[in-house]
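J.: Model the structure of this input:
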Amino acid sequence: MAMLRLSVVASLLILATSLSAYLRAAESDLEKDFRSAQRSIQAQMKNKNREQRLAAVKKLEAFPVVEAAKLLVLSGMGSGDEEVRRASYLTLLKFKEEKEIGLFLATSVEKDLKRGAVDEGTCGAMGVLLASKNADLEKKADQLLEQAAGIVANSSGLLLLVTVADELGIAGTEESAKTLLKMSRLPLFAKNFAYRRAVTQGLIRVRQIDAVSELVAMLTSAQGEVRSDIIRNLTALSGEQPGPDPMQWANWWKANKATFKFPDPAKPLLAAKPKAAPQGGASYYGLPLANRVVFIMDTSNSMRGARIEAAKRELIKAITELPESTEFGVLVFNARTTAWQAKLVPATSENKDAACRFVYAQDLGPATASYDALEAGLTFDAEAIYFLTDGAPYGGKVTQPAQIVTLISKLNRLRRMTINSIGIGVGADGNVFDAFLKALANNNYGQYIRVDE
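T.: Model prediction:
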């Protein structure tokens, strides 16, 4: 009997060894196949023709091995072509349950975070890890999320998280929604405005029922610009305007969830403009005021006369109306930028009176250094900027309008502030000044207001 048991055990060991050898051989064959094709695929990914590069990415779908994943991360997601990056990410996403690939991606992300060298490949790798249902990879992804959240001060962690949220929103899959929901549960969501807004905007872009449910639930605690984002989105989705009351939106969703259909995807939901300030609420040129605001006022010589008088009157009125729960700052600019205070202050009666005196006392000066003023505004811990000017940029670090929009939007990616622009005496539609202020607002979640002479 003992001999029989030994014989059975020996047979099982032989079978297990044979199976293991077979699996290793199969894996080796796949890796051999990839090595045979690797050089031609690499060359194709460098081709100037986009269709050729996309075809190369498509070929990589057949090779769920670490070396193929490396190529997708480095060459695919490192591409300057957004379409190639997107295709590379979606291909990499198909490997999300491959543990060896997942461990490679996790190691790459961890190294990049430690070096403070987060790039598109890092963010794509993190997105794939977050989408995995493999228990070990899920655990590793959660650890990396917490690691990134713990180093937001040096920007690499925040850049990773914000980029992942943006990419998940663009991908728009059911898995994207689940990952964004996971990201919304991190403690950082309550602590960091830029992260909170990026995750919320990701959920807004995802056309999934679970995402809408989460947005409706968020309204019970959301504040400021995040709350405004959600309400604008739900208004665009529903075609209704129940207002800011979370309970009314909850009732709408309860009544419509089972039969809800998303509207035409050709209409970007984030493009929906904020409504005018409610009657009796604090406003500035008709714009509703956020909870944490920075006012930036042009004091260049061209503002002389009625323009500066009107601008001061409107700004003083807005400051006076601020509720005490608000925090605010004031900047004025011509050739140089001057801040009333170095940081936001509570809207107490004393602070509002002092700010109004500061505005009233402003003299005019040469030049219109718009870039410098906007750059200074982005250093404040605010949610929204209200930028008022009467002329095209002139003087300062950057003067070309399109370049200012590009650079400020890039800086704002990790701040997520709303930038509203108010143009005085703008002139004809579509001129350089008009186009500058419109693009500045459109690229930074804001609204553009034209003011007649």
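J.: those strands in this protein, which residues are they?
T.: Along the chain, counting by DSSP state E, strands occupy 283-284, 287-288, 292-298, 327-333, 337-339, 345-346, 384-389, 418-424, 448-451.
J.: How many residues are close by E240?
T.: Neighbour count of E240, defined by other C-beta atoms under 10 Å: 12. Every residue, glycine included, has its C-beta placed from N, CA and C.
J.: so what's it scoring on pLDDT?
T.: On pLDDT, E240 comes in at 80.
J.: want to throw the strands of the chain into JSON lines with mean pLDDT?
T.: JSON lines is the format used below for the strands of the chain (pLDDT from 0 to 100):
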{"stretch": "strand 283-284", "mean pLDDT": "94"}
{"stretch": "strand 287-288", "mean pLDDT": "94"}
{"stretch": "strand 292-298", "mean pLDDT": "98"}
{"stretch": "strand 327-333", "mean pLDDT": "98"}
{"stretch": "strand 337-339", "mean pLDDT": "98"}
{"stretch": "strand 345-346", "mean pLDDT": "98"}
{"stretch": "strand 384-389", "mean pLDDT": "98"}
{"stretch": "strand 418-424", "mean pLDDT": "97"}
{"stretch": "strand 448-451", "mean pLDDT": "94"}
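J.: Quickly list the domain ranges of the protein.
T.: Per automatic domain parsing, the domain ranges recorded for the chain read 207-262, 283-451.
J.: most neighbours per residue, which of the ones you listed?
T.: Stretch with highest mean neighbour count among these: domain 283-451 (a mean of 19; mean count of other C-beta atoms under 10 Å).
J.: quick revisit: out of the domains of the chain, name the one with the poorest average pLDDT.
T.: What stands lowest among the domains of the chain, in mean pLDDT terms, is domain 207-262, with a mean of 92.
J.: Determine which of the domains of the chain approaches G78 most closely.
T.: Nearest to G78, of all these, is domain 283-451, at 18.2 Å by C-beta to C-beta.
J.: For F193, find the nearest of the domains of the chain.
T.: Per C-beta to C-beta, nearest to F193 of the domains of the chain: domain 283-451, 6.1 Å.
J.: can you tell me how far the closest residue to P346 other than its chain neighbours sits from E383?
T.: Sequence neighbours aside, E327 is the residue nearest to P346 in space, at 5.7 Å (criterion: C-beta to C-beta, 6 or more residues apart in numbering). E327 is 9 Å from E383, where distance means C-beta to C-beta, to the nearest Å.
J.: Which neighbours do these two have in common?
T.: Here E327 and E383 have 291-293 as joint contacts, going by C-beta atoms under 8 Å, 6 or more residues apart in numbering.
J.: closest to K114 among the residues you listed?
T.: Nearest member of those to K114, counting by C-beta to C-beta, is R292, at 32.3 Å.
J.: for the closest one, what are its contacts?
T.: Here R292 is in contact with 193, 224, 326-328, 344, 381-384 (C-beta under 8 Å, 6+ apart).
J.: so what's V294 up against?
T.: Contacts of V294 by C-beta under 8 Å, 6+ apart are 328-331, 344, 377, 380, 382, 384-386.
J.: Reformat the strands of the chain as JSON lines; add distance to L215.
T.: Listed next are those as JSON lines, based on distance: least, C-beta to C-beta, whole Å:
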{"stretch": "strand 283-284", "distance to L215": "25"}
{"stretch": "strand 287-288", "distance to L215": "19"}
{"stretch": "strand 292-298", "distance to L215": "21"}
{"stretch": "strand 327-333", "distance to L215": "26"}
{"stretch": "strand 337-339", "distance to L215": "35"}
{"stretch": "strand 345-346", "distance to L215": "30"}
{"stretch": "strand 384-389", "distance to L215": "20"}
{"stretch": "strand 418-424", "distance to L215": "18"}
{"stretch": "strand 448-451", "distance to L215": "26"}
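J.: closest to A68 out of these?
T.: So among these, strand 418-424 is nearest, using C-beta to C-beta, at 41.6 Å.
J.: In its sheet, which strands sit next to that closest one, and in what direction?
T.: strand 384-389 (parallel), strand 448-451 (parallel) (DSSP bridges).
J.: can you redo these as CSV with distance to G365?
T.: Output for those, formatted as CSV (distance: least, C-beta to C-beta, whole Å):
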stretch, distance to G365
strand 384-389, 14
strand 448-451, 21
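J.: So which of those strands is nearest T122?
T.: Per C-beta to C-beta, nearest to T122 of those: strand 384-389, 29.3 Å.
J.: what's the angle between that closest one and strand 292-298?
T.: 10 degrees (axes from the mean of the first three to the mean of the last three C-alpha atoms, to 10 degrees).
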